[in-house]
Structures are given as structure tokens and as C-alpha cells.
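Undergrad: Quick one: sequence and predicted model below, then my questions.
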Amino acid sequence: DGGITQSPKYLFRKEGQNVTLSCEQNLNHDAMYWYRQDPGQGLRLIYYSQIVNDFQKGDIAEGYSVSREKKESFPLTVTSAQKNPTAFYLCASSFGQSEAFFGQGTRLTVV
Amino acid sequence: AQKVTQAQTEISVVEKEDVTLDCVYETRDTTYYLFWYKQPPSGELVFLIRRNSFDEQNEISGRYSWNFQKSTSSFNFTITASQVVDSAVYFCALVLNRDDKIIFGKGTRLHILP
């Protein structure tokens, strides 16, 4: 079945550690996105990519990095520079200005 | 700058009541797309509807209806005869024709009480 898959569902990070969240899609979508969701904050855009090997910063890119080496994959690394990484992270993909498809999310907790 | 405002942070209604979720957007572009998504407790966003800026026709899908008015830059969503399963967070979103960036409102948390 076509869809978008995020892994892992839950992730724990120690202070000062980098962690990478996986996002894979088999919908042949050009655009992919990463959002962060905190309680009462809605969805805030971290990074998005409209094409392979290209990506743009969103509203809260500091402390995060991404890569887009393949059309299907858009991993997000939460670096040690991100001081408050505990949140729910959502990945999405879309084709042009059509509706976006979302993954089930990764809940990241700092321990 | 582009912006989507959902002024209602949280709404509670009793089952079978009608409820309207407001969405106001800002853009100077003439071609754009508006969306509504539902986020149930599981966390994954589900697409509900997409409208382009040239189509102001209202749409009805079962108990759901949408009212798009360019004159007031609004794209409101009404649930008729609400049900407990409608309880979720609802997001309004804007996408410009010249860009794939999705601009979300902050969402409205809807509680349908039995």
C-alpha cells in the first residue's frame, strides 16, 4: 500500500546526543516536510524539501538538520544544539499543491 | 506575509449539536489552496478538503460542510449533528501556488460530549 512511514514511534534522547528520525514515502511525491507539535502550539514547520538534493528552512530550523538524497526519504536529525527537543514530530509529503499525507508521528523525549 | 488564524483554541459541544470552526487566512497571492485536516488522538493528520482560490462554491460531504468567502478571507468548517467520534484537533492550512510550503493555523481542539 502507498503511504508515508515514520520511525520510531517513540524515541528517547540523552542530553547532548544527536538522534535521527526516519521518514519514508512510496507515493512518488516531490515535496516532503517536517513539523514539530507542542501542546497548544499547533504545527510548526522545521524544514521542507520540494525536490531531491534541495531543502529550505522553516520557521524553527535551529538545532535541526535534514537531507534529501533520495525522493523517498527525508530524515530529520535533532542535534545537541536543540535545547528543548521534547515534542511530537510529524513528517508529511505532497504532490504540488495537492493534499498532504502524514506519517503517524514520532514522540521524542529527552531523558 | 502568509498566515492562517484559527481563533478558537478549544470548543466543547454536546453531541448532536452543530458546530462551526473558524479559519481566517492572509495572503496577497491570487492563486492559492485552502485545506482542512483532522488530527484524532492517534496523532496522524487526515485530509478533509481542498479548495482553490477560484472556487468559492460551498461544499457538503455528509455531516461536514465548508463555507469559503474570499471577501472575508475565511474558510469555515461546520459539523452538523456532531458525534463523539468528531472529537479531535482540526487544522486549517494554506498553500500558495508558487510554493509547496504548507502554512497551518494553530488548530482548534473540538470536544463532543456524550
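TA: Yes, it's here.
Undergrad: Chain B contacts on chain A?
TA: By Cβ under 8 Å from any Cβ of the partner chain, the part of chain A that sits against chain B consists of A:30-31, A:33, A:35, A:40-43, A:45, A:48, A:50, A:56, A:58, A:88, A:90, A:92, A:94, A:96-105. In this view, the C-beta of every residue, glycine as well, is placed from N, C-alpha and C.
Undergrad: roughly how far apart are the spatially closest residue to residue B:86 that is not a sequence neighbour and residue B:8?
TA: In space, and not counting its chain neighbours, residue B:86 is closest to residue B:112: 5.1 Å by Cβ to Cβ, 6 or more residues apart in numbering or on different chains. Separation of residue B:112 from residue B:8 (Cβ to Cβ, to the nearest Å) stands at 14 Å.
Undergrad: and the residue in chain B positioned nearest to chain A, which of the three is it?
TA: Nearest residue of chain B to chain A, counting by Cβ to the nearest Cβ: residue B:106, 3.4 Å away. Put simply, residue B:106 is coil when judged by DSSP: H, G, I helix; E, B strand; the rest coil.
Undergrad: my guess is it meets residue A:44, correct?
TA: No - Residue B:106 is beyond contact range of residue A:44, at 9.4 Å (criterion: Cβ atoms under 8 Å).
Undergrad: all strands for chain A, in order.
TA: A:4-7, A:10-13, A:19-25, A:31-38, A:42-51, A:54-57, A:64-66, A:76-78, A:87-94, A:101-102, A:106-110 (DSSP state E).
Undergrad: and residue B:85, that's in a helix?
TA: Yes - counting by three-state DSSP, residue B:85 is found in a helix.
Undergrad: Contact partners for it?
TA: With contacts defined as Cβ atoms under 8 Å, 6 or more residues apart in numbering or on different chains, residue B:85 is in contact with residue B:112.
Undergrad: Do you know the pLDDT at it?
TA: pLDDT for residue B:85: 95.
Undergrad: what is the orientation angle of the helix or strand containing residue B:89 with strand A:31-38?
TA: Assessed by DSSP states H and E, residue B:89 sits inside strand B:88-96. Counting by axes from the mean of the first three to the mean of the last three Cα atoms, to 10 degrees, strand B:88-96 lies at 140 degrees to strand A:31-38.
Undergrad: can you count the residues close to the residue of chain A at minimum distance from chain B?
TA: Residue of chain A nearest chain B, by Cβ to the nearest Cβ: residue A:42 (3.4 Å). Neighbourhood size, residue A:42 [other Cβ atoms under 10 Å in any protein chain shown]: 19.
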